[in-house]
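The amino acid sequence is not available; the structure is as follows:
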């Protein structure tokens, strides 16, 4: 899923993360991003989400 133009205050990013969570409920969904705000939205909106922070 390409979320390049989604900002953290828009419903689009939240809706896309919700879709990832729905996919993950039936399989495995992996989202790679360097945007910290997307990781925070995932933490806030997806119960039990696993996030791996990679070292710089």
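Cool, the structure landed. None of these values were measured; they are calculated from a predicted model.

Which stretches in this protein count as strands?
Using DSSP state E, no strands are assigned anywhere in the chain.

any low-confidence regions in it?
Across the chain, residues meeting the criterion (pLDDT under 70) sit at 1-10.

Could you pull out the helices in it for me?
Using DSSP state H, the helices of the chain run over 11-26, 36-45.

What helices and strands are in contact with the longest one?
Packed against helix 11-26 by the contact rule (3 or more CB pairs under 8 Å, 6 or more residues apart in numbering; DSSP states H and E) you find helix 36-45. From N, CA and C alone the C-beta is placed, and that goes for glycine too.

orientation of the helix it packs on relative to helix 11-26 in degrees?
60 degrees (axes from the mean of the first three to the mean of the last three CA atoms, to 10 degrees).

May I see the buried residues of helix 36-45?
By 16 or more other CB atoms under 10 Å, the buried positions in helix 36-45 come out as 38, 39, 41, 42.

which among those residues gets closest to residue 19?
Checking those against residue 19 by CB to CB gives residue 42 as the nearest, at 11.8 Å.

got a list of what the closest one touches?
17, 20, 31, 49, 51 (CB atoms under 8 Å, 6 or more residues apart in numbering).

Tabulate the buried residues of helix 36-45 (a markdown table), appending distance to residue 13.
Supplementary listing: those in a markdown table, determined by distance: CB to CB, whole Å:
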| residue | distance to residue 13 |
| --- | --- |
| 38 | 6 |
| 39 | 11 |
| 41 | 6 |
| 42 | 10 |
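
Please identify which pair of the residues you listed lies farthest apart.
So for these, where distance means CB to CB, the most widely separated pair is 39 and 41, at 7.3 Å.

Quick one: neighbours of residue 22, just the number.
For residue 22, the count of nearby residues is 11 (other CB atoms under 10 Å).

quick thing: my sequence starts at 33, can you match it?
That works, and once the first residue is 33, the last one we named lands at residue 54.

So for residue 87, which of the helices of the chain sits nearest?
Of all the helices of the chain, it is helix 68-77 that lies closest to residue 87, at 14.3 Å by CB to CB.

that older thread, export the helices of the chain to a markdown table and append columns for distance to residue 87.
As requested, the helices of the chain are exported to a markdown table (distance: least, CB to CB, whole Å):
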| stretch | distance to residue 87 |
| --- | --- |
| helix 43-58 | 24 |
| helix 68-77 | 14 |
